[in-house]
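Colleague: Provided below for reference: sequence and predicted model.
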Amino acid sequence: MNQKNSKRDRAKNGKWTFSISFLFPAFILYTVFLILPMLASLYFSVLKWDGITTAKFVGTKNFVDLFTNDRYFMKVILNTVKSMAAGACIQLPLAMILAYLVYRTTRGFHFFQSVYFVPVVISATVIGLMFSLFFNPSFGPVNAFFEAVGLKGLIKNWLTDPGVVLFSVIMPGIWQYIGYHFIILLAGMQSIPREIIESAYIDGANSVDIFFQIVIPNIKGMIQVALSFV
């Protein structure tokens, strides 16, 4: 009996050692490149220091000045919230619809899967330049399209007009990362047993019923993961 317990303990310790040996390098990298910089930022935030002269501890004064004396700070926070809301309200629903359409596709599955993911691997610099050309008020295709269809009232100076410039900043991000959420949600849909979908069709369910009654309930975990990346 003691020998069995001893073997069980050794096997358990071996599993722990095996797991730790694989997790430890990732933990070191995570600590060095994320945890330590965050702690350093927190430390520097309570100092008055120009990077050259001797640092002086000021406590929460920097935070008080930030919220009371910086007139742009709250606007930046509001714009960030708007950007996140746009990601949650526009990016995720579009990614889910595209994922479901590709999931139900019988031909060209891998082609569409690759096409929708391509923007994710494109450099942010390239995407920024591309959308700056799209929204250019003089020769950009956006204003040219509105003029061609007779909607001249929608022609804007997309890059400088305070009323629409935030939209011009949010759209490139939505376009670039919609494929990232698309892949996550598509993976979740592929994990749904085919027997459930086939049974639903036999019972008379259509594609809309399957989407809302079967697909969404079965990928709630993936939706939460995608939402955490917005």
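Modeller: Received, thanks.

Colleague: so where do the strands sit in this structure?
Modeller: 47-48, 56-57 (DSSP state E).

Colleague: Mind giving me the packing neighbours of the last one?
Modeller: Spelled out, it's strand 56-57. strand 47-48 (3 or more Cβ pairs under 8 Å, 6 or more residues apart in numbering; DSSP states H and E). Every residue, glycine included, has its C-beta placed from N, CA and C.

Colleague: contact partners of the strand it packs on?
Modeller: Residues from elsewhere that reach strand 47-48 (Cβ atoms under 8 Å, 6 or more residues apart in numbering): 55-58, 61-62.

Colleague: Show me the domain layout of the chain.
Modeller: 2-65, 77-228 (automatic domain parsing).

Colleague: tell me the most buried of those domains?
Modeller: With neighbours taken as mean count of other Cβ atoms under 10 Å, the domains of the chain reach their highest mean count in domain 77-228, at a mean of 15.

Colleague: Can you get me the start-to-end distance on that one?
Modeller: 18 Å (Cα to Cα, to the nearest Å).

Colleague: go on, stretch 78-94?
Modeller: 24 Å.

Colleague: how distant is it from the center of its chain?
Modeller: 10 Å (Cα atoms, centre = their mean, to the nearest Å).

Colleague: Quick check: mean pLDDT of it?
Modeller: Average pLDDT, stretch 78-94: 89.

Colleague: Which one, of the strands of the chain, ends up nearest to Tyr116?
Modeller: Closest approach to Tyr116 among the strands of the chain is made by strand 47-48 (46.2 Å; Cβ to Cβ).

Colleague: Many thanks, we can stop here.
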